[in-house]
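K.L.:
Here you go, sequence then predicted model.
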Amino acid sequence: MGILKKTFIELIVVLAVLLVIILALNYFIDEEESLRIINAQLVDQEITLEVADNSFLQSIGLSGREYLEENHGMIFVYDEEIEELSFWMKDALISLDIIFFNSDFEVVHIIESVPICEQDPCPTYTSPKKAQYVIELNAGWVERHDLEQGDILKFKALDQSDS
């Protein structure tokens with residue numbers, strides 16, 4: 001009876017571990033599938049943004065991307081304005097412009113042409129003003145389109161005739 005009890009306990013432990021693994025995989029798969037795309041306008045330029053609105057997507061960001069189309073980027077969405085919101089370029093393969101926005105979608109800080117990180121620890125890039133949203137676009141975008149502090153990010157309504 002002792003061997004049967006030990007085997008039963010081992011089976012329960014294995015099943016519990018498998019359950020945890022399945023739940024973890026399901027969580028990450030659901031997070032990846034939740035990636036949304038939105039269209040916006042910034043200084044009269046139409047931009048397409050992938051939305052990173054949870055910690056999983058924010059931790060990945062644009063890491064591993066070798067190419068980013070012009071006027072395409074990622075918007076990082078936080079629940080509230082954050083003092084000294086910081087970003088880094090860990091595992092980034094392209095140089096980016098980083099644009100910080102307050103809760104009213106007004107540009108509060110710009111960091112241009114942030115280089116890829118070539119050695120650990122990677123430097124951080126911080127907004128000196130509170131920010132709630134951050135957009136990353138190809139390096140040089142800010143200069144090409146004369147973006148300035150105080151400019152406003154506007155969102156486009158979905159055109160029902162396109163669907």
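P.N.:
Yes, it's here.

K.L.:
quick one, domains of the chain?
P.N.:
Here the domain parsing of the chain from automatic domain parsing is 1-33, 36-156.

K.L.:
Worst mean pLDDT among the ones you listed?
P.N.:
Mean pLDDT values for these show the minimum at domain 1-33, a mean of 64.

K.L.:
Do you have the helices of the chain handy? List them.
P.N.:
2-33, 55-60, 141-144 (DSSP state H).

K.L.:
quick revisit: if you compare the domains of the chain, which one is most tucked away?
P.N.:
domain 36-156 (a mean of 16; mean count of other Cβ atoms under 10 Å). C-beta coordinates here come from the backbone N, C-alpha and C atoms, glycine included.

K.L.:
report the longest strand in this structure, please.
P.N.:
strand 72-82 (DSSP state E).

K.L.:
what about that strand, distance to the chain center?
P.N.:
Distance of strand 72-82 from the chain centroid (Cα atoms, centre = their mean, to the nearest Å) equals 7 Å.

K.L.:
and if you look at stretch 64-84?
P.N.:
For stretch 64-84, the distance to the chain centre is 5 Å (Cα atoms, centre = their mean).

K.L.:
List of residues touching that stretch?
P.N.:
38, 40, 45-53, 58, 61-62, 85, 87, 91-94, 96, 102-103, 126-128, 130-138, 141 (Cβ atoms under 8 Å, 6 or more residues apart in numbering).

K.L.:
Report the separation between the closest residue to D44 other than its chain neighbours and L62.
P.N.:
With sequence-adjacent residues excluded and distances taken as Cβ to Cβ, 6 or more residues apart in numbering, D44 is closest to H145, at 7.9 Å. Per Cβ to Cβ, to the nearest Å, H145 is found 19 Å from L62.

K.L.:
got it, and E118?
P.N.:
From E118 to L62 the distance is 17 Å (Cβ to Cβ).

K.L.:
can you check I99 too?
P.N.:
Distance from I99 to L62, counting by Cβ to Cβ: 13 Å.
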